[in-house]
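Undergrad: can you look at this prediction? I've put the sequence above it.
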Amino acid sequence: MPFEDLGTPSLLLNRDVFENNCRVMQERAQGAEVRLRPHMKTAKSVEAYKLATRGGFEGITVSTLAEADFFADAGVRDILYAVGIVPGKLTTAQKIQDKGVKLGLITDNAAVIPALDDEAERLGTTFSVAVEIDSGGGRGGVLSESADLLDLAAALKNSRRLSFEGVLTHAGHSYGFSTAEEIAEIAEQERLAVVRAAERLRKAGFSCPLVSAGSTPTAVFARSFEGLSEIRPGVYMFGDVDQLFIGTCKADEIAATVLTSVIGHNRSSRRLLVDAGGLALSKDISASIFSSQSGYGLVCKLDGTIIDEIFVESVHQEHGLIAAVSGNLPFEDYPVGSRLRILPIHVCMTVAAYEHYEVHDAQGSLVARWNRVNRW
């Protein structure tokens, strides 16, 4: 039986699919003449980094300083920490820089810059900082037409220990749309927001080498990357059910699955119990805006074939409950002790529960174990 020596739940990764996903995005970026700075917030693996950057730019994006330190130890020398920086994190940032890393930081708040500058002065070091632009997601960033943009650049330029690097944005709201046309419009909104910000800065006399944008949906469906210096997608390496419904990947391009065991039959509720619950799968049901029968994951046979008639309907901490779309679950097809694979709804959340990937090839043979870095 495939994966017979693995305990459950286990995180499986199809190396061949992962490698192909990385190659396709690298070719797209190079064809558009922009750098691909892959976001490693999901992968968090050195082996994944090597495939994601193979043949291209070697810089990466991270979402935690623990990731930055992990990749610094692996020899990565250009890292962008794409989360707003605060003074209390600069000591850790300095230690990472001391390993020979160019560590980029970001902010959208002019009031914090003097405190960042004072802390950098205390540490006796310098930091390059980019300004985050809000391109419509409403999360972090300043508007490209706002006075705040120029104020931030001036505060950084006039500081003692900080330098102004450029601008970046992330169109996270692209995940709420499901047609190529809609996402292409968001991609153009994202591009224009950050390019316009760069134009205003240059007109005001600021150098702006970094013009960075990125999300997987916009990277896949963008009509143009003109004016950008780089893109920063991340989940494209894996794919998931969200991305399947959005249209950025096909079912056979989803690289990560969760191996689970059938642990019970509840005939009164007509549910199949598995040992992959909320901690193993996450409780993300974002795909439900596209399909009410996606639940907490789609179910596959061991060979990866999706079983259309069943899905993970609900989860408890260590229990998943699988229901049939028709309501009539064929228990005899799934005896207790048998194994299934589950396609994650939001792979970023799912893989965060695991310390490593069990890597297999297209034939189902285990070929490696890739360690991950978790924590913050």
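TA: It's in.
Undergrad: those helices in the stretch 251-376 of the chain, which residues are they?
TA: Here the stretch 251-376 of the chain has its helices, by DSSP state H, counting those that start in this stretch, at 278-281, 347-351.
Undergrad: who wins for proximity to residue 47 among those helices?
TA: Nearest to residue 47 among the helices of the stretch 251-376 of the chain is helix 347-351; the distance by CB to CB comes to 13.7 Å. C-betas here are computed from N, CA, C, even on glycine.
Undergrad: give me the mean pLDDT for that closest one.
TA: Averaging pLDDT along helix 347-351 yields 98.
Undergrad: roughly how far out does that helix sit from the chain middle?
TA: 9 Å (CA atoms, centre = their mean, to the nearest Å).
Undergrad: ok, and what's touching it?
TA: Helix 347-351 has contacts (CB atoms under 8 Å, 6 or more residues apart in numbering) with 11, 41-44, 234-235, 238-240, 254, 256, 258, 280-282, 284, 344, 357, 372.
Undergrad: rewinding a little: just the helices of the stretch 251-376 of the chain: most buried one?
TA: When the helices of the stretch 251-376 of the chain are scored by mean count of other CB atoms under 10 Å, the highest mean neighbour count falls to helix 347-351 (a mean of 23).
Undergrad: would you map out the domains in the protein?
TA: 32-236, 249-371 (automatic domain parsing).
Undergrad: return the most buried member of these.
TA: It is domain 32-236: most buried of those by mean count of other CB under 10 Å, with a mean of 20.
Undergrad: that domain: end-to-end distance?
TA: 17 Å (CA to CA, to the nearest Å).
Undergrad: most remote residue from this structure's center?
TA: Residue farthest from the centre of the chain, counting by CA atoms, centre = their mean, is residue 268 at 39.6 Å.
Undergrad: any idea how far that one is from residue 237?
TA: 42 Å (CB to CB, to the nearest Å).
Undergrad: again with residue 82
TA: 16 Å.
Undergrad: in three-state terms, label the closest residue in space to residue 36 that isn't next to it in sequence for me.
TA: Excluding the flanking residues, the one nearest residue 36 by CB to CB, 6 or more residues apart in numbering is residue 29, at 3.7 Å. Following DSSP: H, G, I helix; E, B strand; the rest coil, we place residue 29 in the helix state.
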